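*Asks:* model this:
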Amino acid sequence: MVAYNAAPEVVLEPEQQSPAFLNETVRRAQQGDRSAFEQLYREHAGRVYALCVRTCGNRSRASELTQDVFVRTWEMIGSFRGESAFSSWLHRLAVNVVLSDYRSGTRRTARVMRTDNLEPYDRAPGSPDPGSGLDLEDAISKLPSQARLVFVLHDIEGYKHEEIAEHMGTAVGTCKAQLHRARKLLREALEQ
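*Replies:* As a prediction, this is how the structure comes out:
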């Protein structure tokens, strides 16, 4: 299999967008055709990467998760039965990989630093407003991991609280509380 290290670039040619072409490409990939699988990667990597970067908030980690999704896709493509669109099946697989990564705890809070001395972080008079130039994607990436994951899955991807709670191994009430927290933090960040 070809190694892909950078953020994926998606290039679609008009004939590659037809369902018949996609079904044939999936069928060939299921038979082990690497060039067909590479075509599937090229067509879907951008969307998978976007999901990963939104949920983990880190472009480098999102690239790794995108790779994990496509390794898993290669391993499981034989189980795709065509009962739904390939893109739906792949999206669900990507969400499962992201949730599995979250549950495994491999991603630690390396950006958190404990300190009692907050003086270096105080704003000097006349310094620019910290909220200036802040955009929604940046604000989402700075949310605490659990709140960010629930926010992205619920408000952006459209999953129900019950589905999120089941996959995260938490209570529905916890998911609702995390969503409320995420929305509150986003509102505060964007109002600054």
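
*Asks:* Domain map for the chain?
*Replies:* Following automatic domain parsing, one gets these domains for the chain: 9-106, 135-192.

*Asks:* Could you export those domains as TSV, including mean pLDDT?
*Replies:* Output for the domains of the chain, formatted as TSV (pLDDT from 0 to 100):
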stretch	mean pLDDT
domain 9-106	86
domain 135-192	89
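
*Asks:* could you dump the ones you listed to CSV with mean neighbour count?
*Replies:* Placement of C-beta: from N, CA and C, glycine included. Below are the domains of the chain laid out as CSV (neighbours: other Cβ atoms under 10 Å):
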stretch, mean neighbour count
domain 9-106, 16
domain 135-192, 16
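
*Asks:* Quick check: the residue sitting nearest the centre point of the chain vs residue 159, distance?
*Replies:* Taking Cα atoms, centre = their mean, the centroid of the chain lies closest to residue 52, which sits 2.0 Å from it. For residue 52, the distance to residue 159 equals 15 Å [Cβ to Cβ, to the nearest Å].

*Asks:* Name the next helix or strand following the host helix or strand of residue 102 along the chain.
*Replies:* In this structure, residue 102 sits in helix 86-104 according to DSSP states H and E. Next along the chain after helix 86-104, taking DSSP H and E as the criterion, comes helix 136-141.

*Asks:* ok, residues contacting that next one?
*Replies:* Residues outside helix 136-141 that contact it (Cβ atoms under 8 Å, 6 or more residues apart in numbering): 53-54, 57-58, 148, 151-152, 185-186, 189-190.

*Asks:* what do you get for stretch 165-175?
*Replies:* Applying Cβ under 8 Å, 6+ apart, the set of residues contacting stretch 165-175 from outside is 95-96, 99, 102-103, 146, 149-150, 154, 161-162, 164.

*Asks:* give me that answer again for 7 Å
*Replies:* Stretch 165-175 is contacted by residues 99, 102-103, 150, 161-162, 164 when judged by Cβ atoms under 7 Å, 6 or more residues apart in numbering.

*Asks:* mind putting the residues you listed in a markdown table, distance to residue 142 included?
*Replies:* Converted to a markdown table, those look like this (distance: Cβ to Cβ, whole Å):
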| residue | distance to residue 142 |
| --- | --- |
| 99 | 21 |
| 102 | 17 |
| 103 | 22 |
| 150 | 15 |
| 161 | 23 |
| 162 | 27 |
| 164 | 20 |
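
*Asks:* of those residues, closest to residue 76?
*Replies:* Comparing those against residue 76 with Cβ to Cβ picks out residue 99 as the nearest, at 15.6 Å.

*Asks:* Please name the nearest non-neighbouring residue to the closest one.
*Replies:* residue 167 (4.6 Å; Cβ to Cβ, 6 or more residues apart in numbering).

*Asks:* Quickly find the element holding that neighbour.
*Replies:* helix 161-168.

*Asks:* between the helix or strand following that helix and helix 161-168, how many degrees?
*Replies:* Scanning forward in sequence from helix 161-168 by DSSP H and E, the next helix or strand is helix 172-191. Orientation check (axes from the mean of the first three to the mean of the last three Cα atoms, to 10 degrees): helix 172-191 against helix 161-168 gives 100 degrees.
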